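**Student:** Have a look at this prediction, sequence included:
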Amino acid sequence: MSGLPIGLTVAGTDPTGGAGVFADLKAMHSRGVYGMAAVTSLTAQNTLGVQDVYNVPADFIDKELNSIFSDEVPHAMKTGMIAEADMMAVIAEYVRKYNIPYVMDPVMIATSGDRLMTDRSMATLIDTLIPLANIVTPNLHEAESIAGMKIQSENDLHKALKVFVDDMGAESVIIKGGHLEGDATDYLYDGSRISTLSASRIDTDQTHGTGCTFSAVLTAELAKGRTIEEAFKTGKAYITNAIQNSPGIGKGSGPVNHFSYKGD
Ligand SMILES: Nc1ncnc2c1ncn2[C@@H]1O[C@H](COP(=O)(O)OP(=O)(O)OP(=O)(O)O)[C@@H](O)[C@H]1O
Ligand SMILES: Cc1ncc(CO)c(N)n1
């Protein structure tokens, strides 16, 4: 039993380290949390796009998770890229059995526009993973696909938030406004109230892996026993600072700085 908070990420790799499990580990480390990672897919990708994907078979993901959980149970976990429904079913079993705080980042399409989840997995994502989640973190497009509606107004956004919690059974949802017009405003709904956090939009294309990094920070904060609202505040401050200080790596949409945020 470790005194250090432990966060687990279950997601794909990005060999350039800007998104996926490597980014998650950096974000958790930066927040003072010991990071563990089980890999769902290897991708060949960089700041320009995804060149190829190699899925880990679901029964091997089961072995990775068994190795982790039979040895040390993490204090919180997140999932990111999960390409296929059979992988989701395996992961859901561990979330159910160990019942640790769970952040579900429904990764569907990379910043570059490449698909990272099959369409036929959508029903499983909605039926098995979302009801287990303490926080679901869709971006605007993912929220539209999952809620099955267009989001063109504040009113639509409020309706979509409620679909995740009131209809699908998540404890809370944060719809991220990285792709909204104007300020980058994120919306949290926890079943009783909607709260927002806003940052001025940073005029940059250095946003590769922002979603992964944001959800990894939320997971790290939950691993420390912080509330969802506290985790949201830290996640927002961290990602805004990380985008502002992006290191300018690669020829395309580069990664953020996982180590620049120095807040508590
Ligand atoms: N240009 C920006 N300026 C300020 N904040 C931003 C900007 N772009 C994204 N964010 C913030 O970054 C976080 C991640 O949001 P975003 O909508 O980009 O996620 P995503 O699309 O899932 O990311 P990914 O690129 O990893 O797929 C949110 O808090 C969002 O408000
Ligand atoms: C492995 C992986 N997960 C998530 C994203 C979304 O940014 C990505 N580009 N790559």
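**Tutor:** Perfect, thanks for sending it. Residues are numbered from 1 along each chain as shown. Ligands and ions are numbered 1, 2, ... in the order given.
**Student:** so where is the stretch 1-150 of the chain shaky, pLDDT-wise?
**Tutor:** 1 (pLDDT under 70).
**Student:** Need the nearest residue in space to the residue nearest the centre of the chain, chain neighbours excluded.
**Tutor:** The centroid of the chain falls nearest to residue 105 when counting by CA atoms, centre = their mean (3.3 Å). Sequence neighbours aside, residue 215 is the residue nearest to residue 105 in space, at 3.9 Å (criterion: CB to CB, 6 or more residues apart in numbering). Quick note: C-beta positions are derived from backbone N, CA and C, even for glycine.
**Student:** what's the answer for residue 169, then?
**Tutor:** Residue 169 sits nearest to residue 131 (CB to CB, 6+ apart), 3.7 Å away.
**Student:** Correct me if wrong: that neighbour contacts residue 167.
**Tutor:** No: using CB atoms under 8 Å, residue 131 makes no contact with residue 167, being 10.2 Å away.
**Student:** who's more crowded, these two?
**Tutor:** Neighbour count, other CB atoms under 10 Å: between residue 131 and residue 167, residue 131 has more, with 16 against 11.
**Student:** Now do the same for the closest residue in space to residue 246 that isn't next to it in sequence: its pLDDT.
**Tutor:** Counting by CB to CB, 6+ apart, residue 206 is the residue found nearest to residue 246 once chain neighbours are left out, at 3.6 Å. Looking at residue 206, its pLDDT is 96.
**Student:** Residue 206: what secondary structure?
**Tutor:** When classified by DSSP: H, G, I helix; E, B strand; the rest coil, residue 206 comes out as coil.
**Student:** which residues touch it?
**Tutor:** Residues in contact with residue 206 (CB atoms under 8 Å, 6 or more residues apart in numbering) are 243, 246, 248, 253, 254, 255, 256.
**Student:** Look up phi and psi at the fourth one.
**Tutor:** Here the main-chain torsion angles of residue 253 (degrees, to the nearest 10) amount to phi -80, psi 100.
**Student:** Also the last one?
**Tutor:** Dihedral angles phi and psi of residue 256 (degrees, to the nearest 10) take the values phi -90, psi 170.
**Student:** contacting residues for it?
**Tutor:** Counting by CB under 8 Å, 6+ apart, residue 256 has contacts 18, 206, 207, 208, 209, 210, 213, 239, 242, 243, 245, 246.
**Student:** what are the phi and psi values for the second one?
**Tutor:** The main-chain torsion angles of residue 206 are listed as degrees, to the nearest 10 and equal phi -90, psi 60.
**Student:** just the first one next, same as before
**Tutor:** Residue 18 has phi and psi values of phi -90, psi -30 when expressed as degrees, to the nearest 10.
**Student:** ranges for the strands of the stretch 151-264 of the chain?
**Tutor:** 173-175, 184-189, 194-199 (DSSP state E, counting those that start in this stretch).
**Student:** coming back round to it: can you get me a residue count around the residue nearest to residue 105?
**Tutor:** 30.
**Student:** what's the spacing between residue 259 and residue 200?
**Tutor:** The gap separating residue 259 from residue 200 is 22 Å, by CB to CB, to the nearest Å.
**Student:** Of the two, give the one with the bigger neighbour count.
**Tutor:** Neighbour count, other CB under 10 Å: between residue 259 and residue 200, residue 259 has more, with 13 against 9.
**Student:** That one contacts residue 27, doesn't it?
**Tutor:** No: using CB under 8 Å, residue 259 is not in contact with residue 27; the gap is 9.2 Å.
**Student:** okay, and the common contacts of the two?
**Tutor:** Here residue 259 and residue 27 have no joint contacts, going by CB under 8 Å, 6+ apart.
**Student:** now the helices for this structure?
**Tutor:** Residue ranges of the helices in the chain, as given by DSSP state H, are 20-30, 58-69, 85-98, 122-124, 140-147, 154-162, 210-223, 228-244.
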